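Student: My questions are about this predicted structure, shown below with the sequence.
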Amino acid sequence: MSSVSDGNTMMNEQRREFIKKTALGVLVGLGAASGLVPAFSLEKTILPVWDEKPVPGKIRWGMLIDTRKCKDGCRQCVAACHHAHNVPDFKNKKDEVKWIWKSSYQNVFPTASQQFVSPEIQDRSYLALCNHCADSPCTKACPTEATFKRWDGIVSMDYHRCIGCRFCMAACPYGSRSFNWQDPRTAIHDPVTTYPTREQGVVEKCNFCSDRLVKGLQPACTEACPEHALTFGDLNDSRSDIRRLLETNETMQRKPELGTKPSVFYII
Amino acid sequence: MIEKALKGNRSYWIWIAFLITVIGIGLSAYSQQRWFGLTVTGMGRDISWGLYIAQFTFLVGVAASAVMVVLPYYLHNRKEFAKTVIIGEFMAVSATMMSMLFIMADMGRPDRLLNIMLYPSPHAMVFWDLLVLSGYLFMNLVSSWAMLGAERKGVLPPAWVKPLVYISIPWAFSVHTVTAFLYAGMPGRHLWLTAVLAPRFLASAFAAGTALLILVSLILKQTTGFDTGKDAREKLAVLATYAGVANLFLLGTEFFTAFYSNVPAHKESLQYLFFGLEGKSQFVPLMWFSLLSGVASIIVLLVPALRKSTKWLVVACSALVLSIWIDKGVGLILGGFIPSPLQEIVEYTPTATEIFITLGIWGIGILLLTILLKVVVAVKMENEQ
Amino acid sequence: MEVMMKSKKLLWTIAVTAIVLFTVLHVFRKGEAETPPSPVHRVSLIDSTKCIAPAAFMRANHMQVLYEWRNSSVRTGNRVYIASNGSKFEKSLNTCLGCHSNNKLFCFNCHNYANVKPKCWNCHLSPMETP
């Protein structure tokens, strides 16, 4: 009995050695091949670095919304934004995707005083959109940095990397983010060819029209507003229009007590 | 050793067949979800997490609760837990596996799961959660399997097992603390934005997990004759009681801060859950049931005569588990989203697809536990002869 | 022991039969007349010396180029690529499609032949969809 088991052990040992050597041999072979044969080489493509790499923090984009000018029933900004970015319209509240929308005073400023608010202010509409916070909780929460703070202050989405965990949606104190609960391409009514769509399973939100800024254009909402209620500009440039208006008007922000430092301001 | 799970009586195979059926239905429902998207669930823009994350939260707690039996046995040599420890550890393995599966079920792009590892983000709690959960699964499975194997061969376990078990003790605490940190750092969700969330998680985990362990050991006794010992169950019941009392106390402190301070942000979610808000009160009956059954189960467990009676023990433990399952799942997760950041109240009901996927994942976890425990019972009963 | 041997034999017979049947039915199935895939059509009347890199390099490495461009444009903000001959291009799919716009099957020709299915077109508008 013992000689058979000894024989078995010897066979097992030999097998182990064989497998080890073969595996090692394969690895060595691959390694050599990758060096010798160009087709197998795994080196990265080298692209030259252009000196135009932006300086982080130089520009900080911001928006000022003059709510006194916002007309009742007008939705041009929403329509322009959603059209320009192929934002889907699923026609049901559950799956809704929106980048910008109009809402009431209590909804947009729930932590502001709600006592004896003048009827005029209560009747007005207030725009809600991503605040592109300087200290954004959503970028802190993202486990893949699919949403991240850009060099120019814009809180950006990398749709290629998003895993759809929806942590950023839980983290956002303003409800600015939407998830693609289904394929958006079935619900885009008037698609444009100048901007991609998104896929099922990723989060999206206002991008401060970074696609238009790159072409030197103003954001779609700002351009579309017939009353010129929206002012967009560089908050770091003390001579910009937006800074001028911020200095000469009393402005308000959404939930400032949370320390998010939004980049969107409201003139009430 | 795994071959021991392939030998069983008729009831065993019927149970396996049942679990596989449930899993099959779950897989079919999941394929629907992968094709059509998460729209097939009841989640929406305002309630962006639902049943899946609720199960995840509860199950991470159950996984962490293994420490309640590992700590006394390994650090304090409480020999009465000798037969219970491995059951607790394998329960932790099964619960951790289920938690991770629930996360995967909830993701919009599970095909991109590895992005969390490819682009590590230390500022994100999910990153750490994945690390600690994977580590916990690994260390429990490997150390328990090695110990069981050694016991079967009648030798001492290898030297590396003890350190691994010792590490798993603080690791268990960190597992559930990191999970609590997922929620406790969100500035817009005031039900979660409380320092007491992590202690509450640990207390409820130790109560529910320990109660579940008692129930599992009773089921094992009933179905296989393998008895972990009345002494062990007794001690576990005491531990569950203390943890349950702590959990109720912490819930009480939450209520105090919310309603005495009268701050709307602190109050509103609890108001919605327990009293209804603006006419919407979908979960009120469920939350009161959870609270009352939790209190009742603790009262029963506090009475020694009742605690020692198997019948009362089963009732109390089941009620405790159910109570905490509702509170941590429905209450905590859904309550966190209501009211929405824009003060809207949107209600949530899981869909059939969502429920089938949930049951399927529970099926996978219970199947894994069944297989592991079958091996345990086979080895231990073999050794007893 | 006898019974075990018999059932083992039975199982093996079933397994082997299954594998043989499956192979036969799958490999030798009747179906759509499968013509061998055709080689790449050459539709381009484009001056490929104006491309960002030589055609051979692009064919071998366009995946890496696009990956680098994507990260650079989206995440770093560096949107300008300098080719080896000094000319500048914007790091965008539109750069490629801008020149190769006359060919509606620009990417698909090779990808269909090679049976590669990248997910770019789930979001980006493909040559077939751009006017």
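Tutor: Arrived safely.

Student: Distance-wise, check the residue of the stretch 51-200 of chain B found nearest chain C relative to residue B:118.
Tutor: For the stretch 51-200 of chain B, the residue closest to chain C is residue B:111, as judged by Cβ to the nearest Cβ, at 9.3 Å. In short, each C-beta sits where N, CA and C put it, glycine included. Residue B:111 sits 13 Å away from residue B:118, taking Cβ to Cβ, to the nearest Å as the criterion.

Student: Ok, residue B:160 next?
Tutor: Using Cβ to Cβ, we find residue B:160 at a distance of 30 Å from residue B:118.

Student: The spatially most central residue of chain A - nearest residue in space that isn't next to it in sequence?
Tutor: Centroid check for chain A by Cα atoms, centre = their mean gives residue A:157 as the closest residue, at 2.8 Å. Beyond its immediate neighbours in the sequence, the residue positioned closest to residue A:157 (Cβ to Cβ, 6 or more residues apart in numbering or on different chains) is residue A:147, lying 5.4 Å away.

Student: again, but for residue B:103
Tutor: For residue B:103, ignoring the flanking residues on the chain, the nearest one in space by Cβ to Cβ, 6+ apart is residue B:56 at 5.7 Å.

Student: Run through the neighbouring helices and strands of the host helix or strand of residue B:53.
Tutor: Using DSSP states H and E, the element containing residue B:53 is helix B:51-64. Counting contacts by 3 or more Cβ pairs under 8 Å, 6 or more residues apart in numbering or on different chains; DSSP states H and E, helix B:51-64 packs against helix B:85-106, helix B:125-153, helix B:161-184, helix B:197-224, helix B:310-326, helix B:352-384.

Student: winner for burial among the ones you listed?
Tutor: When you average the neighbours per residue for each of these (mean count of other Cβ atoms under 10 Å in any protein chain shown), helix B:85-106 leads with a mean of 25.

Student: Would you check that residue B:47 makes contact with residue B:335?
Tutor: No: the pair residue B:47 / residue B:335 is not scored as a contact, 10.4 Å apart, by Cβ atoms under 8 Å.

Student: Not counting its neighbours along the chain, what's nearest residue C:51?
Tutor: That would be residue C:58: by Cβ to Cβ, 6+ apart, it lies 6.4 Å from residue C:51.

Student: can you give me the strands for the chain?
Tutor: Because you didn't say which chain, this covers chain A. Secondary structure of chain A by DSSP state E: the strands cover A:61-66, A:100-103, A:126-129, A:147-149, A:155-157, A:178-179, A:203-204, A:230-234, A:251-252, A:264-267.

Student: ah, I was thinking of chain C
Tutor: Residue ranges of the strands in chain C, as given by DSSP E, are C:80-82, C:88-90.

Student: Minimum distance to chain B: which of these has it?
Tutor: Judged by Cβ to the nearest Cβ, the one of the strands of chain C that comes nearest to chain B is strand C:80-82, at 23.3 Å.

Student: Which residues are in contact with the closest residue to chain B within chain C?
Tutor: The nearest approach of chain C to chain B comes at residue C:119, 9.3 Å away (Cβ to the nearest Cβ). Residues near residue C:119 by Cβ atoms under 8 Å, 6 or more residues apart in numbering or on different chains: residue A:199.

Student: Domains in chain A, by residue range?
Tutor: Residue ranges for each domain of chain A read A:2-40, A:61-267, as given by automatic domain parsing.

Student: Any idea how many residues pack against the residue of the stretch 51-200 of chain B closest to chain C?
Tutor: Neighbours of residue B:111 under the rule other Cβ atoms under 10 Å in any protein chain shown: 13.

Student: which residues touch it?
Tutor: No residues are in contact with residue B:111 under the rule Cβ under 8 Å, 6+ apart.

Student: Any stretches of chain C with poor pLDDT?
Tutor: C:1-4, C:29-48, C:131 (pLDDT under 70).

Student: repeat that with 80
Tutor: C:1-7, C:25-50, C:98, C:101-103, C:129-131 (pLDDT under 80).

Student: Helices of that one, start to end?
Tutor: Secondary structure of chain C (DSSP state H): helices located at C:2-27, C:55-71, C:93-99, C:108-114, C:120-123.

Student: Output those in JSON lines; the columns should cover mean neighbour count.
Tutor: Formatted as JSON lines, the entries for those read as follows, by neighbours: other Cβ atoms under 10 Å in any protein chain shown:
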{"stretch": "helix C:2-27", "mean neighbour count": "9"}
{"stretch": "helix C:55-71", "mean neighbour count": "15"}
{"stretch": "helix C:93-99", "mean neighbour count": "17"}
{"stretch": "helix C:108-114", "mean neighbour count": "14"}
{"stretch": "helix C:120-123", "mean neighbour count": "17"}
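
Student: Make JSON lines out of those helices and add distance to residue B:349.
Tutor: What follows is those, written out as JSON lines (distance: least, Cβ to Cβ, whole Å):
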{"stretch": "helix C:2-27", "distance to residue B:349": "45"}
{"stretch": "helix C:55-71", "distance to residue B:349": "40"}
{"stretch": "helix C:93-99", "distance to residue B:349": "42"}
{"stretch": "helix C:108-114", "distance to residue B:349": "43"}
{"stretch": "helix C:120-123", "distance to residue B:349": "31"}
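
Student: Could you list the buried residues of stretch B:269-281?
Tutor: Judged by neighbour count using 16 or more other Cβ atoms under 10 Å in any protein chain shown, the buried positions of stretch B:269-281 are B:269, B:270, B:271, B:272, B:273, B:274, B:277, B:281.

Student: Wait, the last one touches residue B:273, no?
Tutor: No: with the criterion set as Cβ under 8 Å, residue B:281 and residue B:273 do not qualify as a contacting pair; they are 9.0 Å apart.

Student: close enough to count as contact, residue B:274 and residue B:284?
Tutor: Yes: distance between residue B:274 and residue B:284: 6.3 Å, which falls inside the contact criterion (Cβ under 8 Å).

Student: circling back: closest to residue B:178 out of the strands of chain A?
Tutor: Each of the strands of chain A was checked against residue B:178 via Cβ to Cβ, and the shortest separation belongs to strand A:147-149, namely 20.8 Å.
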